[in-house]
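Asker: 3D, please:
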Amino acid sequence: MAISEVTVKNAELLAIDQINAAGGVLGKQIVPVVEDGQSDWPTFAEKSQKLISVDKVAVVFGGWTSASRKAMLPVYESNKALLFYPVQYEGLEASPYIYYMGATTNQQIVPALDYLKAQGKTKLFLVGSDYVFPKTANKEIKAYAKANGIDIVGEEYTPLGATEYGTIINKITAAKPTAVFNTLNGDSNVAFFKQMRSAGVTPQQLPVLSVSVAEQEVQGIGADVVAGDLVSWNYYQTTNTPESVAFVKAYQAKYGADKVVDDPMEAAFTGVHLWALAVAKAGTTAVEAVKAAMAGLTYQAPEGLVTVDGENHHITKTARIGLISPSGQINEVANSGGPIKPDPFLKTYPWAVGLS
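Answerer: Here you go, the predicted structure:
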């Protein structure tokens, strides 16, 4: 998962630098303690316990896969400690001690399906990594499809880190879908897309819409390989806000002019700033006081204005469908027109009854 996780850590360190340069929190400088989850879910839980018990940190920012978050959740709940999780995920969860900075289902997956439906893509093939996020996401996609006249013509999973996709690509071409919905995570995407192209399958013939491929992953795969394919996120480096321009400039000044930023990095960066704002409002880093201050808090993030939902600990987010360009940047082709209120349990969708 290093292709994705390292840059999230870097974005969090940038936010800490900015907050410290502005005077820190409560007159004190933030001192980061960095641990490596090593793409191993039990290690994420063990490192979390160390950060809480040994390092006595005020808050933790991190995790990528839903498996890592599920492993960490009981640690934070039992210790009554705070975790800010930066990545879009499958929904159907809320914790009193986790703040979800990435999109939940109705802010990413549902808008992606709405877009494909509007484009006339009524036969979908589902490809995902074999763990909780893709399997839950695809359960939701199948419920949406049933209610919206969409056929699921195939569903395949491979282990994280898998590199052999020839058999699955043969199944895809035989099923004749009009689009592929991709929930592969990490560097499996490199193998999948390269082998799709080797098999002669182009985005023009068969578009792939991904929900875990952002600018960092595009660099890892090769822009020439994925140009023309689709993604669904809430932020791109090309998102046109003054805060986004400043974020990109600051990140490249710290890490290199050739570096790119993406949605999980922006969400991680936003999470650190929201926590600092809540601490300033609360006048303390005490967890319960910070939680009280977080409710309804707003922040002008690079993605736009976000608001914290005090009940489910998610934030409002604008959905954005993007087209990968040959340069490796992602250009927005559709959006939700404004921030979407988080609905992690899909309570407002009749087709989702029974999913949670």
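Asker: Could you use CA atoms for every contact and neighbour count after this?
Answerer: Will do.
Asker: Please name the residues that touch residue 203.
Answerer: 226, 227, 228, 229 (CA atoms under 8 Å, 6 or more residues apart in numbering).
Asker: what do you get for residue 157?
Answerer: The contact partners of residue 157, by CA under 8 Å, 6+ apart, come to 127, 128, 129, 130.
Asker: What strands line up against the helix or strand residue 180 falls within, and which way round?
Answerer: Element membership for residue 180, per DSSP states H and E: strand 179-183. Paired with strand 179-183 in the same sheet, following DSSP bridges, are strand 123-129 (parallel), strand 208-210 (parallel).
Asker: Now the last one: average pLDDT?
Answerer: Averaging pLDDT along strand 208-210 yields 98.
Asker: Now do the buried residues in stretch 206-218.
Answerer: Within stretch 206-218, the residues scored as buried using 16 or more other CA atoms under 10 Å are 206-218.
Asker: Quick one: the residues you listed as TSV, columns for distance to residue 35 too.
Answerer: Formatted as TSV, these follow (distance: CA to CA, whole Å):
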residue	distance to residue 35
206	40
207	38
208	34
209	32
210	29
211	26
212	23
213	24
214	24
215	24
216	21
217	22
218	26
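Asker: Need the max-distance pair from those.
Answerer: Greatest spatial distance in the buried residues of stretch 206-218: 206 and 216, 22.8 Å, computed using CA to CA.
Asker: low pLDDT regions in the protein?
Answerer: Scanning the chain for pLDDT under 70 picks out nothing.
Asker: now do 80
Answerer: Residues of the chain meeting the criterion pLDDT under 80: 356.
Asker: number of nearby residues for residue 333?
Answerer: 11 (other CA atoms under 10 Å).
Asker: and if you look at residue 119?
Answerer: 10.
Asker: list the buried ones in stretch 114-125?
Answerer: 115, 116, 117, 121, 122, 123, 124, 125.
Asker: cool, stretch 62-76 as well?
Answerer: 62-73, 75-76.
Asker: So residue 154, which state does it fall into?
Answerer: strand (DSSP: H, G, I helix; E, B strand; the rest coil).
Asker: Return the member of the buried residues of stretch 206-218 nearest to residue 107.
Answerer: For the buried residues of stretch 206-218, with residue 107 as the reference and CA to CA as the criterion, the closest is residue 211, at 11.3 Å.
Asker: list the contacts for the closest one?
Answerer: 108, 109, 182, 183, 231, 232, 233.
Asker: Of those residues, just the buried ones, ChimeraX syntax please.
Answerer: In ChimeraX, a selection of the buried entries from those looks like this (16+ other CA under 10 Å):
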select :108,109,182,183,231,232,233
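Asker: so of the contacts of residue 211, which ones are in strands?
Answerer: Among these, DSSP state E puts 182, 183, 231, 232, 233 in strands.
Asker: And the helices in the stretch 101-250 of the chain?
Answerer: Secondary structure of the stretch 101-250 of the chain (DSSP state H, counting those that start in this stretch): helices located at 105-118, 132-147, 166-175, 188-198, 215-221, 223-226, 242-255.
Asker: So which of the ones you listed is nearest residue 16?
Answerer: Of all the helices of the stretch 101-250 of the chain, helix 242-255 comes closest under CA to CA, at 12.1 Å.
Asker: where along the chain do the strands fall?
Answerer: For the chain, strands defined by DSSP E occupy the ranges 60-61, 83-85, 98-100, 123-129, 151-158, 179-183, 208-210, 230-233, 298-301, 304-307, 320-324, 330-335.
Asker: Pipe those into TSV and attach distance to residue 26 per row.
Answerer: Conversion of the strands of the chain to TSV gives the following (distance: least, CA to CA, whole Å):
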stretch	distance to residue 26
strand 60-61	18
strand 83-85	20
strand 98-100	21
strand 123-129	43
strand 151-158	47
strand 179-183	41
strand 208-210	41
strand 230-233	34
strand 298-301	19
strand 304-307	23
strand 320-324	36
strand 330-335	38
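Asker: Quick one, which of these gets closest to residue 271.
Answerer: For the strands of the chain, proximity to residue 271 was assessed by CA to CA; strand 83-85 is nearest, at 6.4 Å.
Asker: could the strands paired with strand 179-183 go into CSV alongside distance to residue 158?
Answerer: What follows is the strands paired with strand 179-183, written out as CSV (distance: least, CA to CA, whole Å):
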stretch, distance to residue 158
strand 123-129, 5
strand 208-210, 15
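Asker: Quick one: closest of the ones you listed to residue 314.
Answerer: Closest of those to residue 314 is strand 208-210, at 21.9 Å (criterion: CA to CA).
Asker: Pop the domain breakdown of the chain in here.
Answerer: Following automatic domain parsing, the chain resolves into domains at 2-103+240-307, 105-238+319-352.
Asker: As a markdown table, these with distance to residue 313 would be great.
Answerer: Formatted as a markdown table, the domains of the chain follow (distance: least, CA to CA, whole Å):
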| stretch | distance to residue 313 |
| --- | --- |
| domain 2-103+240-307 | 5 |
| domain 105-238+319-352 | 9 |
